[in-house]
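J.: no sequence on this one, just coordinates:
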């Protein structure tokens with residue numbers, strides 16, 4: 001067994017010489033075997049070990065006994081112990097999470113804290129081959145894709161290592177007996193309240209008996225294949241997003257619809273999942289139904305639409321773009337309408353947009369058309385008072401410069417593929433008859449200057 005562990009360490013690059021390693025020790029068979037093996041290998045790798053025990057507070061008396069048991073054993077080997085007692089059931093109440101999930105999160109937090117305190121490079125966990133079988137089956141039953149079917153990783157994030165990864169439970173028990181290492185029995189492992197235990201005690205024995213006696217090795221090999229394929233997919237997603245100029249650190253992400261739907265459906269799903277996980281508060285909770293909701297928005301023939309997903313993730317179709325953000329962004333974008341009465345000369349601060357519009361009387365310019373889209377020149381005598389700066393209203397129309405007839409602003413914005421959520425952020429200059437300027441976009445034909453114009457109004461927005 002020691003040789004198997006050495007091969008796993010070498011294959012996956014788990015350890016470097018003189019690493020300081022935190023060994024997670026519950027007191028059970030797997031973790032006690034792990035601690036003993038790490039102690040036996042400490043000379044070969046010049047390791048400095050620290051054992052860490054978290055008392056979950058689920059089984060008061062036995063939990064305290066296990067803590068003292070681990071402390072005595074660690075001290076007997078000359079290994080320092082870091083321990084902590086928490087109350088997982090109390091932490092689980094009102095969290096919306098299972099007690100197992102809360103326990104895992106608290107254990108991870110504790111172990112990372114111990115590693116930071118001791119300057120450790122690695123945290124060793126006692127998961128073995130049968131644990132991988134259980135994890136793969138659990139993920140399969142939950143409908144996971146390749147990311148779930150790869151199961152646990154031998155090395156995660158460069159710090160979590162699993163030296164017993166390919167070891168069978170029987171080998172662990174034989175090792176403990178050979179080296180006379182004591183261990184405790186956790187009665188919760190026999191309870192069918194937990195899904196993992198039902199899989200361990202019911203489903204897996206039946207699968208081995210009736211279908212595949214080598215189930216552990218078969219699923220172990222499959223998880224290795226899934227891991228390699230998942231790594232490749234992840235690398236491709238990173239490359240594609242980089243080519244699109246998408247950065248996962250951004251608070252908003254836009255993806256061109258045509259770029260997305262040109263890809264193979266498997267890559268579409270993976271890219272959407274990657275982006276949604278970026279916006280998920282925990283990095284979890286994103287499932288097939290959420291990915292398909294976003295994919296359907298991209299593939300829909302309608303130019304608009306949106307979906308609100310877990311963690312208040314907002315996915316919105318904006319013509320040729322697929323927008324990702326948080327729902328709070330949506331609310332901030334839907335600003336209240338505004339209306340400011342103006343005259344010339346005047347400078348008005350549009351507080352809702354934090355922009356300034358200036359109106360002033362000027363001499364006729366050399367050209368009736370400005371080379372700056374944020375500046376226009378109008379024939380002041382053609383304006384019908386009163387003048388206002390405001391947001392779009394139902395029924396608004398304008399005669400766009402160069403056109404013979406009028407056009408509804410709604411149609412104009414649709415033609416320009418401007419999303420509804422952006423339309424209230426575009427200031428309009430209107431007189432008593434119609435809109436005469438869509439700021440930054442188009443002026444009205446009705447107020448254009450000619451060689452007969454005498455009073456010229458210059459309007460600019462910054």
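T.: Ah, there it is. Being a predicted model, the structure only gives us computed values, none of them experimental. Residues are numbered from 1 along each chain as shown.
J.: Secondary structure element holding residue 242?
T.: helix 215-243 (DSSP states H and E).
J.: tell me which strands and helices that helix is in contact with?
T.: Counting contacts by 3 or more Cβ pairs under 8 Å, 6 or more residues apart in numbering; DSSP states H and E, helix 215-243 is packed against helix 129-141, helix 146-149, helix 204-210, helix 265-279. Where C-beta positions appear, they are placed from N, C-alpha and C, glycine not excepted.
J.: Turn these into CSV, columns for mean pLDDT and mean neighbour count.
T.: CSV is the format used below for the helices and strands packed on helix 215-243 (pLDDT from 0 to 100; neighbours: other Cβ atoms under 10 Å):
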stretch, mean pLDDT, mean neighbour count
helix 129-141, 94, 20
helix 146-149, 88, 18
helix 204-210, 96, 13
helix 265-279, 93, 19
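J.: With distance to residue 234 added, can I get those in TSV?
T.: Below are those laid out as TSV (distance: least, Cβ to Cβ, whole Å):
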stretch	distance to residue 234
helix 129-141	17
helix 146-149	9
helix 204-210	29
helix 265-279	8
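J.: Kindly report the domain assignment for the chain.
T.: Using automatic domain parsing, the domain parsing of the chain gives 2-223, 244-332, 339-461.
J.: quick revisit: what's the mean pLDDT across the helix holding residue 242?
T.: Mean pLDDT, computed over helix 215-243, is 95.
J.: Show me what counts as buried in that helix.
T.: Neighbour counts over helix 215-243 (16 or more other Cβ atoms under 10 Å) mark 215-216, 219-220, 223, 226-227, 230, 233, 237, 240-241 as buried.
J.: quick revisit: which one of the helices and strands packed on helix 215-243 lies closest to residue 297?
T.: Of all the helices and strands packed on helix 215-243, it is helix 265-279 that lies closest to residue 297, at 9.8 Å by Cβ to Cβ.
J.: list the helices and strands the closest one packs on?
T.: helix 215-243, strand 253-256, helix 257-261, helix 288-299, strand 313-318, strand 321-326.
J.: give me that answer again for 7 Å
T.: helix 215-243, helix 257-261, helix 288-299, strand 321-326 (3 or more Cβ pairs under 7 Å, 6 or more residues apart in numbering; DSSP states H and E).
J.: on that earlier part again, got CSV for the buried residues of helix 215-243, with distance to residue 27 too?
T.: Converted to CSV, these look like this (distance: Cβ to Cβ, whole Å):
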residue, distance to residue 27
215, 28
216, 24
219, 28
220, 26
223, 28
226, 32
227, 30
230, 34
233, 39
237, 41
240, 47
241, 45
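J.: List just the nearest of those residues to residue 90.
T.: residue 223 (35.0 Å).
J.: pretty sure the closest one contacts residue 151?
T.: Yes - between residue 223 and residue 151 there is a contact under Cβ atoms under 7 Å: 4.1 Å.
J.: Tell me where the stretch 51-200 of the chain has strands.
T.: 80-85, 122-124, 155-156, 160-161 (DSSP state E, counting those that start in this stretch).
J.: now the nearest residue to residue 454 once chain neighbours are set aside, what's its secondary structure?
T.: Excluding the flanking residues, the one nearest residue 454 by Cβ to Cβ, 6 or more residues apart in numbering is residue 381, at 6.8 Å. Look at residue 381: counting by DSSP: H, G, I helix; E, B strand; the rest coil, its state is helix.
J.: tally of neighbours for residue 247?
T.: Neighbour count for residue 247, taken as other Cβ atoms under 10 Å: 10.
J.: Could you report the separation of it from residue 278?
T.: Residue 247 is 10 Å from residue 278, where distance means Cβ to Cβ, to the nearest Å.
J.: Any chance of the helices and strands packed on helix 265-279 in TSV with distance to residue 147 as columns?
T.: What follows is the helices and strands packed on helix 265-279, written out as TSV (distance: least, Cβ to Cβ, whole Å):
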stretch	distance to residue 147
helix 215-243	5
helix 257-261	19
helix 288-299	12
strand 321-326	19
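J.: Give me the contacts around stretch 354-364.
T.: 342, 344-350, 380, 389, 427, 449, 453, 455-462 (Cβ atoms under 7 Å, 6 or more residues apart in numbering).
J.: Mind doing that once more with 8 Å?
T.: Residues outside stretch 354-364 that contact it (Cβ atoms under 8 Å, 6 or more residues apart in numbering): 342-350, 377, 380, 387, 389, 427, 429, 439, 449, 453, 455-462.
J.: Now, these that are in strands?
T.: Mapping the contacts of stretch 354-364 onto strands (DSSP state E) picks out 342, 346-350, 377, 387, 389, 429, 456-461.
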